[in-house]
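> need a structure here:
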Amino acid sequence: MRFGVLGPLAVWTADGTPVRVPEAKVRALLARLLVAEGRPVPVDALGAALWGAHPPDRNTLQTKVSALRKVLGRDAVVWEPPGYAVRYSWLDVVAFRELAAAGSFDEALALWRGEPLAEFGAEPFAVGFAERAALERLAVVEDRAEALLAAGRPVSLAEEVARHPVRERLRGLHMRSLYLGGQQVAALESFAAYRRVLAEEQGLAPGPELVELQRALLRHEVERPRTNLPAPVTSLVGRAGAVASVSALLGSSRLVTLTGPGGVGKTSLAVEVARSLVPGVADGVWLVELAGLDRVDGDGVEGDRVAGAVAAVVGVREEVAPGLAAGLVDRVAEAFRGRDVLLVLDNCERLVGAVAGVVARLLRAVPGLRVLATSQEPLGIAGESVWVVPPLEPADAVRLFAERVSAAVPGFSVTAGNRAVVERICGRLDGLPLALELAATRVRALGVEGLLERLDDRFRVLSGGPRDAPARQRALRAMIDWSWDLLGPAERAVLRRLAVVVEGCDLEAAEAICAGDGVDDVLESLSKLVDRSLVVVSPGDRVRYRLLESVADYGRERLVEAGEWDAVRARHADHYRALAERAGPELRGPDQLRWLARLDADAANLRAAVAGDAGAARALAWYWFLRGRVREARDALDGPWRLGFSVLAGGPVQDPGVVADPRARWFLGYVFSTVGDMVAGEKLTDSALEEFVAEGDEWGVAAALSDRFSQAMARGDFDTARDAAERAERTFVRLGDRWGRLQASFALGTLAQLRGDYDTAARVHRQGLELARELRSWPEVSYTLSWLGRVALLTGDFAEARALHEQARRIAADQGFSPGEMYAETGLALVARRVGDLDEADRLLARLHDWHRQVGFEAGATLVLAEQGFVAEQRGDVDKALRLQRAGLELARRVGDPRAVALACEGLAGAEALAGRHEEAARLLGVATGHRRSVGVPLPDGERHDVDRITAAAREVLGDERFRLACEEGLEDLDGADG
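Numbers count the residues shown, from 1 in each chain. Model prediction:
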């Protein structure tokens, strides 16, 4: 809980919600405990505070304590002999002292909400606390005044002096402030008033320090400050590194200009840098505020205004005729000559030409002068170093927002419950300090969730900033208006048209979208907008331009006002749809990576361009597939493309009907084969392949051959599979298609694995993984990791196998790629059974069986049924093992894959051995061997663990000769397995 005593008693939850404490005695109890600041208060003292000299028995006090605990929670009010104490996470009087000790005087004083505990009237504990707190507050008021005067800023102390007429330190500060503000007579009158009231009330005379100050005022000997920098009002969050960098840059460059968008905090950073340098600048640091000089009435030219502003700050008063700014600059230069001075010129953007002229002349004339300027565009003169002020990093933006909200909503903090909302607010506001501070003022009325909901109307919501801030800093719209007013017609047109772009664009897109209708040279206008910090540049091989979200919202409003919204949106859609069409062939050739990167950069623009138009979206189907954006593709497409992506996302296999487009037909064949429906997949593949050959589509032919490899493998036709893989690889290598080479690597690695050449298989799959990662094709990365996991399993490295399959599963799940996720889980199930974790294996296998049913193709479950049967056998469940293995054998025979039939026979042999029918088990092992020999792929050593243990069990009972004879019988009768 958070508590306030610097005003009416107040209680808040951690997120700033007020908590009502009912009943006067309970509130008085809480107040008495809080003024002890966590220390225990004796029971007698509590009784006296609540009931005076005649408290009731202790049971009555205990009743009040119980009532308070009911409001605050039992742990908030604790018994600590000889009494009770309150535990708090925040107490305003403690925070007040901490802020004051840190020099944050304004933040400390802002915690005062009124007379401390005034509601408790003349209660002795409240009176004593209020008197002590008032003295602490007065000391902070004096410390603040001391700091402001040291910075050359007069401060109003008249009200404090009226309340405390005989406090000497306060009186001295009042006199110095009046003198510094040019009111020498008023300063001396303040001294006279003090002397008079002191004599009348206390019969005393002023102390020697105040008398000496009065004499110094008379002789004009009061020391003037070496700077006019304002004292900090709030803390500067997230800029420690920036302060250090800019300070270091000023050590090597005499002119540093801070640029950046409006509201990014250029002025705050410049002042903080200057403040940090004051001790090391011998002859002073001076701040010159230039905002508003462009609107000064009169006949003077801009150069006069800038020179006059500088002269006024540094005390050069000589009159110079209008139009002779150079003469006034010379007088300033003469005043600075031979001195070490830092000049801070703030808000130069509206007078950038005039500022450049004055600064160039001063720097040439005064070797000891350094200049730190803030501007939305560089000054553009020799020797200038430009330092772009970035938005706050996300963590710093959250910290700034939280600090500013807590100042307006005592008790607010970022918690686990609201952090995500706060982070989204800070992200939507681009990390701009001014926008964050304006947003913070709205949390009291809206709460953080309400604020986030209303950011779509940010210009209405983010207004009403501090009254003492410049008008441009009181509202988000005013801040951007300030920048908009500086633009010419062409720059305004480009800025508002760029607002239709999503997450930035390259120059080609900017020219297509923005050119014409008053804009002849888009690049020239863009360059000016970049210089003025309204467009952000992202460097790279293809430079990109983007708008901060607030600027983009503003630009969209201006676009609607100009009547250009529909036309510019149409230009945007036309450009990006054409880009998608151009990218299609490039995504299947040697420039595949470059075009993937290009489409990645514009993914959001492409998505916006094809939204609601499935026909236009088809041009992006292959891009979405390569990037693993399965759900996005499914939702955007129609017809066979939609069906294919739906299956990859976990949907059921359905009859696609007639598919005219051979590429779509091939894609469906690929997808159906991927989830195990080889029969339907092969029909589609063969049909597409025939058309690809007729059309001379080399890529299509190679892609179909890659699928033919898997389909032939499923039939046990290894010669066809090997031939298809080798032909596909040659074509894909010639075309330069990395995706195609990746498919070939899978095929060649699988063939090596079947031969028991695990070193070659691992090497080929690692090459495939490198290709998949280059492509950033996450479904393929998932598959390749699983292939490597299978090799690790076969070589007995179970820990590595589990790790690779887990990684593959995570990646596939993140992408919504259901087949890859299930393939990885199959590997995890195999590993679990091999290490003896039968419960985990059973759980995973049940999930896999359900998935095969869900997609509408149980034929892919031959391996799952065999593995479930092995689990049942190893658990000793004869009936279940027999049932599962017989079902698996029946399914394998229907599918027609000799290897699947062999696996089912091996599984059934294990179940028969468990049932005591060892001769039948031996015969089934012979049948299995025959099926494997029929396709020329005997069982490799790495896959013999089940066959070897079943063989050992049968041979132990039958003996070598009977076992051999039974096996030979099975070899001679491949169709004789007991189904």
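
> please make it C-alpha for all contacts and neighbour counts, starting now.
Fine.

> mind checking how far the residue nearest to the spatial centre of the chain is from Ile425?
The residue lying closest to the centre of the chain (CA atoms, centre = their mean) is Pro394, at 6.7 Å. Pro394 sits 10 Å away from Ile425, going by CA to CA, to the nearest Å.

> same question, Glu561
On the measure of CA to CA, Glu561 and Ile425 end up 27 Å apart.

> hang on, the earlier thing: list residues touching both of Pro394 and Ile425?
Listed as contacting both Pro394 and Ile425 by CA atoms under 8 Å, 6 or more residues apart in numbering is no residue at all.

> for the residue nearest to the centre of the chain, give me its contacts.
Here Pro394 is in contact with Glu423, Cys426, Gly427, Gly431 (CA under 8 Å, 6+ apart).

> could you check how far the second one is from Phe401?
With the distance defined as CA to CA, Cys426 ends up 8 Å from Phe401.

> name the residues contacting each of these two.
Leu436.

> gap between stretch 724-737 and the chain center?
Centroid displacement of stretch 724-737 relative to its chain, using CA atoms, centre = their mean, to the nearest Å, is 41 Å.

> show residues contacting it.
587-592, 698-699, 701-703, 705-706, 708-709, 738, 740-741, 744, 747-748.

> buried stuff in it?
Ala724, Ala725, Glu726, Ala728, Glu729, Thr731, Phe732, Leu735, Gly736, Asp737 (16 or more other CA atoms under 10 Å).

> make TSV from the residues you listed and add secondary structure, distance to Val256 and pLDDT to it.
Output for those, formatted as TSV (DSSP: H, G, I helix; E, B strand; the rest coil; distance: CA to CA, whole Å; pLDDT from 0 to 100):
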residue	secondary structure	distance to Val256	pLDDT
Ala724	helix	66	93
Ala725	helix	63	92
Glu726	helix	63	92
Ala728	helix	61	94
Glu729	helix	58	92
Thr731	helix	58	95
Phe732	helix	55	94
Leu735	helix	53	95
Gly736	coil	50	94
Asp737	coil	50	94
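
> most widely separated two among those residues?
Greatest spatial distance in those: Ala724 and Gly736, 18.1 Å, computed using CA to CA.

> next secondary structure after the helix or strand containing Leu342?
According to DSSP states H and E, Leu342 maps onto strand 341-346. Using DSSP H and E, the helix or strand that follows strand 341-346 in sequence is helix 352-365.

> Ala812: what's it in contact with?
With CA under 8 Å, 6+ apart, Ala812 has these contacts: Trp778, Pro779, Ser782, Ser818, Gly820, Glu821.

> leaving out chain neighbours, which residue sits closest to it?
Glu821 (5.0 Å; CA to CA, 6 or more residues apart in numbering).

> show me the contacts for the one you found.
Ser782, Ala808, Arg809, Arg810, Ile811, Ala812, Ala813.

> these, buried ones only, as a PyMOL selection?
Buried residues among the contacts of Glu821 (16+ other CA under 10 Å), as a PyMOL selection:
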select buried, resi 782+808+809+811+812+813
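
> among the contacts of Glu821, which two are most distant?
Ser782 and Ala813 (9.4 Å).

> from the contacts of Glu821, which is closest to Val693?
Of the contacts of Glu821, the one sitting nearest to Val693 (CA to CA) turns out to be Ser782, at 31.3 Å.

> touching, the closest one and Gly820? I think so.
Yes: using CA atoms under 8 Å, Ser782 is in contact with Gly820, at 6.2 Å.

> before we move on, back to that, in helices only, show me the contacts of stretch 724-737.
In this view, these that belong to helices under DSSP state H are 592, 698-699, 701-703, 705-706, 708-709, 738, 740-741, 744, 747-748.

> and the gap between Val530 and Gly260?
9 Å.

> buried residues in stretch 757-767?
Buried-residue list, stretch 757-767, by 16+ other CA under 10 Å: Asp757, Tyr758, Thr760, Ala761, Ala762, Val764, His765, Arg766, Gln767.

> next, format these as TSV and append secondary structure and pLDDT.
Shown next, in TSV, are those (DSSP: H, G, I helix; E, B strand; the rest coil; pLDDT from 0 to 100):
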residue	secondary structure	pLDDT
Asp757	coil	91
Tyr758	helix	92
Thr760	helix	94
Ala761	helix	93
Ala762	helix	94
Val764	helix	93
His765	helix	93
Arg766	helix	94
Gln767	helix	93
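
> residue ranges for the helices of the stretch 1-150 of the chain, please.
24-34, 43-51, 58-72, 92-101, 105-110, 124-150 (DSSP state H, counting those that start in this stretch).

> how about those helices, which one is nearest Thr862?
helix 58-72 (62.4 Å).

> picking up where we left off before, so what sits against both of Ser782 and Gly820?
Joint contacts of Ser782 and Gly820 (CA under 8 Å, 6+ apart) are Ala808, Arg809, Ala812.

> among the helices of the stretch 1-150 of the chain, which is nearest Leu620?
helix 105-110 (54.5 Å).

> elements contacting the closest one?
helix 92-101, helix 124-150 (3 or more CA pairs under 8 Å, 6 or more residues apart in numbering; DSSP states H and E).

> picking that back up, between the buried residues of stretch 757-767, which is nearest Phe120?
Arg766 (77.3 Å).

> tell me if I'm right that that closest one and Trp787 touch.
No: counting by CA under 8 Å, Arg766 stays clear of Trp787, with 9.3 Å between them.

> give me the element the spatially closest residue to Ser253 that is not a sequence neighbour is part of.
Leaving aside its sequence neighbours, Ser253 sits nearest to Ser385 (CA to CA, 6+ apart; 6.6 Å). Using DSSP H and E, Ser385 falls within strand 384-388.

> how close does the closest residue to Gly47 other than its chain neighbours get to Ala28?
Setting aside the residues directly before and after it, Gly47 is nearest to Pro55 in space (CA to CA, 6+ apart), at 5.4 Å. As judged by CA to CA, Pro55 and Ala28 stand 14 Å apart.

> and those two? which has more neighbours close in?
Taking neighbours as other CA atoms under 10 Å, Pro55 and Ala28 compare with Ala28 leading, 22 against 16.

> ok, the more buried one - contacts?
Per CA under 8 Å, 6+ apart, neighbours of Ala28: Ala49, Leu50, Phe120.

> can you lay out these as CSV showing neighbour count, pLDDT and distance to Gly555?
What follows is the contacts of Ala28, written out as CSV (neighbours: other CA atoms under 10 Å; pLDDT from 0 to 100; distance: CA to CA, whole Å):
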residue, neighbour count, pLDDT, distance to Gly555
Ala49, 20, 88, 63
Leu50, 21, 88, 62
Phe120, 17, 89, 55
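
> need the pLDDT of Ser777.
Looking at Ser777, its pLDDT stands at 86.

> Val630 is in contact with that one, correct?
No: contact between Ser777 and Val630 fails when scored by CA under 8 Å: they sit 11.4 Å apart.

> low-scoring stretches of the stretch 751-900 of the chain, by residue?
856-860 (pLDDT under 70).

> could you export the shared contacts of Ser782 and Gly820 as a markdown table, including distance to Arg642 and secondary structure?
Putting those into a markdown table (distance: CA to CA, whole Å; DSSP: H, G, I helix; E, B strand; the rest coil) gives the following:
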| residue | distance to Arg642 | secondary structure |
| --- | --- | --- |
| Ala808 | 25 | helix |
| Arg809 | 24 | helix |
| Ala812 | 19 | helix |
